[in-house]
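*Asks:* Take this sequence and fold it.
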Amino acid sequence: MKIGILTGGGDCPGLNAVIRGVVKTACKKYNWDCLGIESGFEGLILEGHTRELNPYRIRGILPIGGTILWSSNKGDPFNYPQEENGKVVKKDLSGRAMEKFKDLGLNALIVVGGDGTMTIANKFYKMGMPVIGVPKTIDNDLMSTDLTFGFSTAVETATYALDKLHTTAASHKRVIVVELMGRYVGWIALHSGISGGADCILIPEILFDIDKVCEHIKGRVKQGSSFSIVVVSEGAKPLGGSVTALGLDKSSGVERLGGIGEKVAKWIEGKVDVDVRTTVLGHIQRGGGPNSFDRILSTRFGYEAVELIKEGRFGRMVCLKGQDIESVTLDDAIAKQKAIDPDGSIVKTAEAIGICMGR
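*Replies:* Take a look at the predicted model:
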């Protein structure tokens, strides 16, 4: 048996731990061969983008962030950009990728990624490629799994930043607006905001009223709290407004979000007599090595992905359900995005302890 593995979409802590879990299980338990596909699905289109993997070659990667196989969120073989006559056109190169899979002598492919990567994997499965999915995203927005690896580390990183911002905000009696990642869902903002002692948390799932935010800050001042921390997801929207975008990403064509933190800061400064600063945490949330939880979860996902191959159960994605690793079909995995329930327990908890959610 010879299996391939690739990592697609944005990088996150724990990718190397999955690769390690797959390679060690496949090689040590079953004596299979492993092949790394580089740069996501582009490795199935371009030449020379593969490497042999074995326990010796993946030594020491468990605590390392990013991915040794590199990643890409622009190499969709079904919609691949190519230049023709000075113009960029999108072409369906999935047939080439299927041929490359066969030419490499692969019997199965493990695909590690988020909803976009799983969607591509599902298309290949329906074309006949034996595929297994592993859920990865710091956004934690895949419905079929309780948690995705990378999320816990991202929350820990954001919480650490909030802890540091508290001291400087208090020292200067400032309001500090912290913009965190979260295009469509606010899991990182909500979890880190609660654990990091934020005073306001603004997320995409709840349209925020800036007047409510300002009233909350004024109330804190009256009660003797001369500083405030406002956490904002990059995809948060004000009442009657829309997301704040920086323009289109050149490589993927997807709208790049950002700038809502600065907008919120200006709105607050115009309505409250306070000094306001903005911090954008950005890709720091993706970087660095995984924490212990994500190392264990990633390793378990890698092991279970190999077991699904052994059982011949293709077209599925491993997932966490409670304390157990299970699996769902790729169809179910990408059917719906996991968003925060505005009236759910964690939002109620936040509001009960005095955090303003902008409503």
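*Asks:* if I look at the most far-flung residue of the chain relative to its centre, how far off is Ser72?
*Replies:* Each residue of the chain has a distance to the centre, and by Cα atoms, centre = their mean the biggest one is for Lys222: 38.8 Å. Taking Cβ to Cβ, to the nearest Å as the criterion, Lys222 is separated from Ser72 by 51 Å. Any C-beta I mention is one placed from the backbone N, CA and C, and that applies to glycine too.
*Asks:* Lys28 too?
*Replies:* For Lys28, the distance to Ser72 equals 29 Å [Cβ to Cβ].
*Asks:* Show me which of those two is the more surrounded one.
*Replies:* Comparing Lys28 with Ser72 by neighbour count (other Cβ atoms under 10 Å), the higher total belongs to Ser72, at 21 against 11.
*Asks:* Helix or strand: which one has the more buried one?
*Replies:* Following DSSP states H and E, there is no helix or strand that holds Ser72.
*Asks:* how many other residues sit next to Thr137?
*Replies:* As a burial measure, the neighbour count of Thr137 was computed by other Cβ under 10 Å and equals 24.
*Asks:* what's the neighbour count on the closest residue in space to it that isn't next to it in sequence?
*Replies:* By the measure of Cβ to Cβ, 6 or more residues apart in numbering, the closest residue to Thr137 outside its immediate chain neighbours is Gly114, 3.8 Å from it. Here the neighbour count serves as a burial measure; for Gly114 (other Cβ under 10 Å) it reads 23.
*Asks:* again with Asp163
*Replies:* 12.
*Asks:* What of Thr117?
*Replies:* 28.
*Asks:* Just list whatever residues bridge to the nearest residue to Thr145 once chain neighbours are set aside.
*Replies:* Leaving aside its sequence neighbours, Thr145 sits nearest to Cys319 (Cβ to Cβ, 6+ apart; 3.6 Å). Beta-bridge partners of Cys319, counted by DSSP bridges, are Glu326.
*Asks:* so what's Cys319 up against?
*Replies:* In this structure, Cys319 makes contact with Pro135, Leu142, Ser144, Thr145, Asp146, Ile325, Glu326, Ser327, Val328, Ala333, judged by Cβ atoms under 8 Å, 6 or more residues apart in numbering.
*Asks:* Now a ChimeraX select for only the buried ones of the residues you listed.
*Replies:* The command below creates a ChimeraX selection of those among the contacts of Cys319 that count as buried (16 or more other Cβ atoms under 10 Å):
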select :135,142,144,145,325,327,328,333
